[in-house]
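# Dropping a prediction and its sequence here:
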Amino acid sequence: MASSFDPGGLDEDLALDVFAANLRLEHHGALEQAEQLAARLQQLLPHLTHRTDQRRWPFGRPALARLRIKLGGDHFDLLVQNGQVHYRTVHHVSGVDLAHQELRQDEWIRLLLEALAAQSAQVGQSARSLL
């Protein structure tokens, strides 16, 4: 029985179209997921987050460009650039971003949670020493 996929025929174009459509769906999901994550972080950490939006057409809804979570000298950036979502940790000193590291989303979230826990423990220690 012959395969229905013909590398030299129209099926190749169809396979490429299906592949491109899947990439667009996955990409759209990543943008939507980043937007939801940013909204949740803003809700949970309003004093630690700074959101920058990019405008779409005059009457379009603003879209996320960057969400920065400031935890001392370490910042956590969620960036949307040219339709791609990037998760970075940034070492920030005296108003300058010195170094950044690109991470997968799950690793970025894990490191963010660890940094928040460490900061919470420091605040707890400071409060105990004042009492």
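Nice, I can see it.

# pretty sure Val80 is touching Ala30, no?
No: contact criterion C-beta atoms under 8 Å: Val80 and Ala30 do not qualify, at 9.2 Å. Every residue, glycine included, has its C-beta placed from N, CA and C.

# I would like the residues contacting whatever helix or strand Val85 lives in, please.
Using DSSP states H and E, Val85 sits within strand 84-93. Contact with strand 84-93 is made by 27, 30-31, 33-34, 68, 70, 73-80, 97-105, 107-108, 111, as judged by C-beta atoms under 8 Å, 6 or more residues apart in numbering.

# Which of Val80 and Ala30 has more residues huddled nearby?
Each of Val80 and Ala30 has its neighbours counted (other C-beta atoms under 10 Å); Val80 has more, 21 against 15.

# Name the SS class of the more buried one, please.
Under the three-state scheme (DSSP: H, G, I helix; E, B strand; the rest coil), Val80 adopts strand.

# Then Leu41?
Assignment for Leu41 (three-state DSSP): helix.

# same question, Glu114
Glu114 - assigned by three-state DSSP - is helix.

# could you measure it against Ala99, distance?
To Ala99, Glu114 is 18 Å away according to C-beta to C-beta, to the nearest Å.

# do the same with Phe76
Distance from Phe76 to Ala99, by C-beta to C-beta: 14 Å.

# So for these two, which residue has more residues nearby?
Phe76 (23 against 10).

# so the more buried one touches Arg110, yeah?
No: between Phe76 and Arg110 there is no contact under C-beta under 8 Å: 11.1 Å.

# Just the strands from this structure, written as ranges.
49-54, 63-71, 74-81, 84-93, 96-103 (DSSP state E).

# got a markdown table for those, with distance to Ala118 too?
A markdown table is the format used below for the strands of the chain (distance: least, C-beta to C-beta, whole Å):
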| stretch | distance to Ala118 |
| --- | --- |
| strand 49-54 | 18 |
| strand 63-71 | 8 |
| strand 74-81 | 10 |
| strand 84-93 | 14 |
| strand 96-103 | 17 |
